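please find the sequence and the predicted model below.
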Amino acid sequence: MSEPALQLDGVVKSFSQAGRDLPVLRGLDLDLRPGEMVALLGPSGSGKSTLLHICGLLDRPDGGAIRIAGQEAQSLGDNERTRLRREHIGFVYQYHHLLPEFSALENLVVPQMIAGLSRREATVRALKLLETVGLSERTDHRPARLSGGEQQRVAIARALINAPRLLLADEPTGNLDPHTADAVFDLLVKLVRGAGLAALLATHNYELAARMDRVVRLEEGVLVEGPPAE
Ligand code: ADP
Ligand code: MG
């Protein structure tokens with residue numbers, strides 16, 4: 001048995017708003033096995049983005065433990081957390097968050113070069129992945145010259161380019177029209193399944209959630225298994 005891709009134990013997070021402490025996560029436990037795709041439901045403001053940022057090591061909880069691929073992340077310093085994130089985690093946002101001054105290709109080359117690959121090696125891999133996501137004709141386009149669906153395809157490719165173990169996606173198709181959203185979501189599922197990744201995907205779409213292995217939902221600061229009752 002390999003270790004969970006992601007493990008949360010008693011994760012707690014509050015924000016201070018208008019001088020008051022607002023508890024958002026009140027003690028969350030979650031295990032994601034390798035290859036498991038889990039949908040994260042919950043109304044707007046319930047803490048989905050907060051949870052994903054904590055899982056992605058983009059934010060720190062106030063208490064509790066996080067393990068990424070078996071490695072305890074909570075006690076690590078900033079540099080080690082960054083290294084762990086680059087090595088193991090891909091993140092897809094609702095808005096693409098691509099570098100606006102760079103082409104689709106460069107957006108995939110840069111993170112690989114940061115990870116230590118040569119430009120030549122990084123370019124070969126990036127072109128291959130852009131072909132897989134159906135963007136061979138768009139490699140030199142900057143994000144502003146791509147459609148919303150194409151931008152998200154690049155964002156998905158970027159999240160996967162360094163072969164992470166865990167994909168985190170925050171309403172990855174929430175900004176797209178229904179038809180495009182379906183196509184992009186199909187692609188995301190295909191790539192995640194193909195690579196055997198664990199994934200945690202926040203979504204408002206119950207139909208998409210039903211296609212995952214498991215559904216969890218955020219309710220009043222805790223995680224509950226399964227979709228909500230009607
Ligand atoms: P969701 O993604 O489910 O819509 P969020 O995680 O974005 O929910 O937000 C959960 C709650 O935490 C909201 O009440 C939001 O206002 C609050 N919140 C999120 N980020 C911050 C922040 N940086 N500072 C203060 N409050 C925040
Ligand atoms: Mg959110």
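Noted; the coordinates are in hand. Ligands and ions are numbered 1, 2, ... in the order given.

only C-alpha atoms for contact and neighbour calcs from this point on.
Fine.

any idea how far Ser2 is from Arg33?
Applying Cα to Cα, to the nearest Å, the value for Arg33 to Ser2 is 8 Å.

please settle this for me: is Gly45 part of a strand?
No: assigned with DSSP: H, G, I helix; E, B strand; the rest coil, Gly45 falls outside any strand and is coil.

what comes up buried for the lengthiest helix in the chain?
In the chain, assigned by DSSP state H, the helix with the most residues is helix 178-195. Neighbour-count burial for helix 178-195, with 16 or more other Cα atoms under 10 Å as criterion, is recorded at 180-181, 184-185, 187-189, 191-192.

tell me the centre residue of this protein?
Leu168 (1.9 Å; Cα atoms, centre = their mean).

elements contacting the helix or strand harbouring Glu150?
Assigned by DSSP states H and E, Glu150 belongs to helix 148-160. Secondary-structure packing of helix 148-160 (3 or more Cα pairs under 8 Å, 6 or more residues apart in numbering; DSSP states H and E): strand 89-92, helix 104-114, helix 119-132, helix 178-195.

I'd like the ones you listed as a markdown table, with mean pLDDT and distance to Asp9 appended.
Formatted as a markdown table, these follow (pLDDT from 0 to 100; distance: least, Cα to Cα, whole Å):
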| stretch | mean pLDDT | distance to Asp9 |
| --- | --- | --- |
| strand 89-92 | 97 | 18 |
| helix 104-114 | 97 | 30 |
| helix 119-132 | 98 | 35 |
| helix 178-195 | 95 | 25 |
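
dihedrals phi and psi, the closest residue to Asp140 other than its chain neighbours?
Setting aside the residues directly before and after it, Asp140 is nearest to Ser103 in space (Cα to Cα, 6 or more residues apart in numbering), at 5.1 Å. Ser103 has phi and psi values of phi -70, psi 170 when expressed as degrees, to the nearest 10.

show me where pLDDT drops low in the chain?
The model of the chain has pLDDT under 70 over residues 1, 230.
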